[in-house]
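Asker: show me how the following folds:
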Amino acid sequence: MLVAQRYELQQPVGRGGMGEIWQGVDLHLNRKVAVKRVRRDRLTEETVRRFRREARIMASLRHPGVPAVHDFGQDDYGFFLVMEFVDGWPVTHVLDAHEKLPVSWAALLGAQLCAVLSAAHARSLVHRDLKPGNLMLCRDATLVVLDFGVATVQGSPEFSVITGTMEAPGTEPYMAPEQFREGRTSALTDLYSAGCVLYEMLTGRRVVQPAGFVTETSGHFGLPSAPLGAAVPKELAELVMALLEREPDRRPQRADEVFHRLLPFIRDLPALPGVVDRVTRPVHLYAEALSRVSW
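Answerer: Numbers count the residues shown, from 1 in each chain. Presented below is the predicted three-dimensional model:
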């Protein structure tokens, strides 16, 4: 299929709540691209507004941890968004293959996530749907944050929350208590979600299993179902637990704070067979690169 007489779709690589993502080729520039299309069965005025907003939000956030936007438009099939192609594996795939990650890898991915969040939050942008499936681990050990389809920019009329018939933003096992119960989102709800991701990478378990999530009404809401374990250093476990605090004002208040608290645990990265077979850069260079782009 040819999109806008320029982008040749090759194979589907993902499907979300309102869109399909294809690997493709930009025939004009002879480069790989990712093309996101609004699904035919979700083509409504509301989804089009969300899709347009996603494109504008991503284009406004220039960061190595966010795919660059190349094009946006409409053809005979519908609306499309053309982005940088990210060659890697969703963190869900990595966890399926390895169950849990070594401490150094979890810290590296968590720090890179917080580098993106620091840049986003500085622009009042809240992702609102952070989870392993929206994080891509590339073959060079860098992390890219995907799917800004339900993101919002606080205080901006242009990027205000769109209400309508679509489901509330977020994915239940990774939603902060205030997001799940009251629909309130902020930078601190993103940090709670980051805590959920760190917990899962370190333990191989979700903080709260989906079957029990919607029934949590007795004060245990937002707390891990099991401790992180003896293999996780005490200071790192305390940081994860702080991110998972039920009350937002008890969590770390800034992504850059979490970033710096994770850096000491990034050392001696082993290979992740089938994902990153060989770590080609000294660990300190990862930290240096992150510090230059984090805020």
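
Asker: my guess is residue 26 contacts residue 7, does it?
Answerer: Yes. Distance between residue 26 and residue 7: 5.9 Å, which falls inside the contact criterion (C-beta atoms under 8 Å). Just so you know, the C-beta spots here come from the backbone N, C-alpha and C atoms, and that holds for glycine as well.

Asker: tell me, what's touching these two both at once?
Answerer: Between them, residue 26 and residue 7 share these contacting residues under C-beta atoms under 8 Å, 6 or more residues apart in numbering: 33, 82.

Asker: neighbour count for the two, which is higher?
Answerer: Between residue 26 and residue 7, counted using other C-beta atoms under 10 Å, residue 7 has the larger neighbour count: 23 against 18.

Asker: hmm, the more buried one is touching residue 29, no?
Answerer: No. Because the distance of 10.2 Å does not satisfy C-beta under 8 Å, residue 7 is recorded as not touching residue 29.

Asker: now do the shared contacts for these two.
Answerer: Taking C-beta under 8 Å, 6+ apart as the criterion, residue 7 and residue 29 do not both touch any residue.

Asker: low pLDDT regions in the chain?
Answerer: Low-confidence regions of the chain, defined by pLDDT under 70, span residues 16-17, 156-168, 209-225, 292-295.

Asker: let me see the domain layout of it.
Answerer: For the chain, the domain assignment from automatic domain parsing gives the residue ranges 2-84, 88-293.

Asker: how distant is the first one from the center of its chain?
Answerer: Think domain 2-84. Averaged C-alpha coordinates place domain 2-84 at 17 Å from its chain's average position (C-alpha atoms, centre = their mean, to the nearest Å).

Asker: same check on the last one?
Answerer: A distance of 7 Å separates the C-alpha centroid of domain 88-293 from that of its chain, computed with C-alpha atoms, centre = their mean.
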